[in-house]
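A.B. asks: Any chance you could fold what I've pasted below:
(one chain, ligands or ions: 3)
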Amino acid sequence: MPTPAYDIVIRGGTLATASDVFRADLGIRGETIAAIGQGLPTGASEIDASGKLVLPGGVDAHCHIEQLSGGGLMNADTFETATRSAAFGGTTSVISFAAQHRAKSLATTVSDYAALAKKGAIVDYAFHLMVANPDEQTIATDLRALISAGHRSVKVFMTYDAVQVDDQQLLDVMLAARQAGALVCVHAENHGLLKWMGERLTKRGYVAPKYHAVSHPRAAEVEAFHRLIAFSELLDQPICIFHVSTAEGAKVIREARGRGVKIYAETCPHYLLMTAAELDRPGIEGAKWVCSPPQREAADQEALWQALALGDLQILSSDHAPYRFDESGKLSAGPNPGFKQIANGMPGLEMRLPVLFDAMVSKGKLGLRKFVELTATAPAQIYDLPGKGSLAIGMDADIAIWDAERKVTLADDLHDNTGYNPFAGRTITGWPETVLRRGEIVVEDGALRAAAGSGRLMLRAAGEATKPTGRLSPEFDEGRNFGAKLY
Ligand code: URP
Ligand code: ZN
Ligand code: ZN
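C.D. replies: Ligands and ions are numbered 1, 2, ... in the order given. Below you'll find the predicted structure:
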């Protein structure tokens, strides 16, 4: 018997990338795509994909996994449960957070998260370096070393008492990232405005989950975006604005990009497919939908879709931030917490691709190629994930085979450890049935085939997104501000 040309051939499917949709067979050798063509020779094993879509595995660039919140609450997932649910949802790469707490060094934080991920992860993973304490050690030593070692994105919060950075600290982090070559990702909301609104609502007894939406005025997003963008312009430091939720926020980004500021931005399924009405449910039930920023209005959804279509926003992430609806999570302050006491976040890793496929491909909003671009190709390119995000010879064989016709009514319990699904009860069309990560089948026939710990850390080189434009503001540039050396 001659040795088969490929380990696996995915035969007769319709392949889709961010640029093309075409019928072809796909041959895998080892961990990578070895051939794409018609009539490929037989593989050691064969997957019949006739009538199916063969897509790159999804890349989810914003997930909180096994993370201790600023308030000291452990989220519901381990790396094993979170990445298991990612795989069932067609996602084969995640970027989660090495989330610093102020009393801990960033270097130790990264090694602790790396140990957890090495043990549990089923899909490939990278880390955003989340800085909560930008002291001398963090800025001058740890950030520089960790970025050079391949952790090429930094995350900061402009709000949340326990982790926020103030303006000077934000500038320190941005300059350190510029010098070492990293993208700065930001949760941008005005901290004072959120606190002030929250306190006024609470004092007047408006504490039900729906008031969470009231406590995050749209202006909080708009103001913080303007401030952050001003800093980005001053320092010529590329930024990625996380979870854009309002029409006005998207407009601020569009205008800044129009004058040449290097900004990337993401939004999430819950801003496109939910409104603040989700929070208005009997009793405390709405707590399940509490996340920040909150879901907004139907007009915002339209504006966000348009911003995605125009390229103002380039990435669709889940912001997976799971807390169980019990005393370990959403109800940790008691059975009837006020909205200020409810942990922020929802699970999203598993549902991100199916609900977006339904909206974008089955219902036709932006279409299949844009779906692939926003959920896999663009995040892989912007965050420089090697070998990820598309289907091409030599790339990692990260593949999701979709039945585009399959109708599924979404269950309440998923493969993560949250115990509820914020999209439960919706009927969607399109489902990822077979999922491969680096040539290994991880999900098939509704079962998990890969082991905990089989996911791999992705280290990244300094890429296009981390590079300044070269137009440092004259007000900051050395020598041009009356000779002041600021850089
Ligand atoms: O509400 C959310 N999304 N919580 C997670 C942390 C964050 O703000 O990204
Ligand atoms: Zn955030
Ligand atoms: Zn987040």
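A.B. asks: thought Ala451 was touching Ala121?
C.D. replies: No. Using Cβ atoms under 8 Å, Ala451 makes no contact with Ala121, being 10.3 Å away. Quick note: C-beta positions are derived from backbone N, CA and C, even for glycine.
A.B. asks: more crowded one of these two?
C.D. replies: Ala121 (26 against 11; other Cβ atoms under 10 Å).
A.B. asks: which ones are touching that one?
C.D. replies: Contacts here follow Cβ atoms under 8 Å, 6 or more residues apart in numbering; on that basis Ala121 touches Phe79, Glu80, Thr83, Ala452, Gly453, Ser454, Gly455, Arg456.
A.B. asks: what residues does the protein put near ligand 1?
C.D. replies: By Cβ under 6 Å from any ligand atom, the residues of the chain that approach ligand 1 are His64, His187, Cys291, Ser292, Asp319, Ala321, Asn344, Gly345.
A.B. asks: Now render those residues as TSV, adding neighbour count and secondary structure.
C.D. replies: As requested, those are exported to TSV (neighbours: other Cβ atoms under 10 Å; DSSP: H, G, I helix; E, B strand; the rest coil):
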residue	neighbour count	secondary structure
His64	23	coil
His187	21	strand
Cys291	27	coil
Ser292	20	coil
Asp319	28	coil
Ala321	24	coil
Asn344	19	coil
Gly345	22	coil
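A.B. asks: Burial check on the closest residue to Val435 other than its chain neighbours, number of neighbours?
C.D. replies: What sits nearest to Val435 in space, not counting adjacent residues and going by Cβ to Cβ, 6 or more residues apart in numbering, is Val443, at 4.1 Å. By other Cβ under 10 Å, 26 other residues sit near Val443.
A.B. asks: Where does Val443 sit: helix, strand or coil?
C.D. replies: Recorded secondary structure, Val443: strand (DSSP: H, G, I helix; E, B strand; the rest coil).
A.B. asks: Just grab the bridge partners of it for me.
C.D. replies: Bridge pairing for Val443 (DSSP bridges) gives the partners Val435, Leu448.
A.B. asks: Just the CA coordinates for stretch 243-251, please, in CSV.
C.D. replies: Only the C-alpha atoms of stretch 243-251 are listed here, as CSV (Å, rounded to 0.1, in the frame of the first residue of the first chain):
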residue,chain,number,x,y,z
HIS,A,243,-16.4,46.4,23.1
VAL,A,244,-17.8,49.5,21.4
SER,A,245,-21.4,49.7,22.3
THR,A,246,-22.9,52.9,21.0
ALA,A,247,-23.5,54.7,17.7
GLU,A,248,-21.7,57.7,19.0
GLY,A,249,-18.7,55.7,20.1
ALA,A,250,-18.4,54.2,16.6
LYS,A,251,-18.6,57.7,15.1
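A.B. asks: Please point out which parts of it sit buried.
C.D. replies: Neighbour counts using 16 or more other Cβ atoms under 10 Å place His243, Val244, Ser245, Thr246, Ala247, Gly249, Ala250 of stretch 243-251 among the buried residues.
A.B. asks: What lies in contact with that stretch?
C.D. replies: 62, 187, 218, 221-222, 225, 241, 253, 265-268, 271, 293-296, 299-300, 302-304, 306-307, 312-313, 317, 319.
A.B. asks: Among these, filter down to the buried ones and hand me the ChimeraX syntax, if you would.
C.D. replies: Buried members of the contacts of stretch 243-251 can be picked out in ChimeraX with the line below, counting by 16+ other Cβ under 10 Å:
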select :62,187,218,221,222,225,241,253,265,266,267,268,271,293,294,295,296,300,303,304,307,312,313,317,319
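A.B. asks: Mind checking which of the contacts of stretch 243-251 are in strands?
C.D. replies: Members of the contacts of stretch 243-251 lying in strands (criterion: DSSP state E): His62, His187, Ile241, Ala265, Glu266, Thr267.
A.B. asks: Let me know the secondary structure of Cys185.
C.D. replies: Relying on three-state DSSP, one would call Cys185 strand.
A.B. asks: Now pLDDT and distance to Thr469 too, for the ones in strands among the contacts of stretch 243-251, in TSV please.
C.D. replies: Shown next, in TSV, are the ones in strands among the contacts of stretch 243-251 (pLDDT from 0 to 100; distance: Cβ to Cβ, whole Å):
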residue	pLDDT	distance to Thr469
His62	98	24
His187	98	24
Ile241	99	17
Ala265	98	16
Glu266	98	20
Thr267	99	24
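A.B. asks: Quickly name whichever of those residues is closest to ligand 1.
C.D. replies: Of all the ones in strands among the contacts of stretch 243-251, ligand 1 sits closest to His187, with 4.9 Å by Cβ to the nearest ligand atom.
A.B. asks: tell me the contacts of the closest residue to ligand 1 within the stretch 151-300 of the chain?
C.D. replies: The stretch 151-300 of the chain approaches ligand 1 most closely through Cys291 (3.5 Å), counting by Cβ to the nearest ligand atom. Cys291 makes contact with His270, Asp319, Ala321, Asn344, Gly345, Met346, according to Cβ under 8 Å, 6+ apart.
A.B. asks: can you do 7 Å?
C.D. replies: Taking Cβ atoms under 7 Å, 6 or more residues apart in numbering as the criterion, Cys291 is in contact with His270, Ala321, Asn344, Gly345, Met346.
A.B. asks: Among these, list the two that are farthest apart in space.
C.D. replies: Greatest spacing in those, by Cβ to Cβ: His270 and Asn344 (12.0 Å).
A.B. asks: name the helices or strands packed onto the helix or strand hosting Glu233?
C.D. replies: Glu233 is part of helix 218-235 when elements are defined by DSSP states H and E. Applying 3 or more Cβ pairs under 7 Å, 6 or more residues apart in numbering; DSSP states H and E, one finds that helix 218-235 contacts helix 167-180, helix 191-203, strand 239-241, helix 247-258.
A.B. asks: any idea of the mean pLDDT for that helix?
C.D. replies: The average pLDDT within helix 218-235 is 97.
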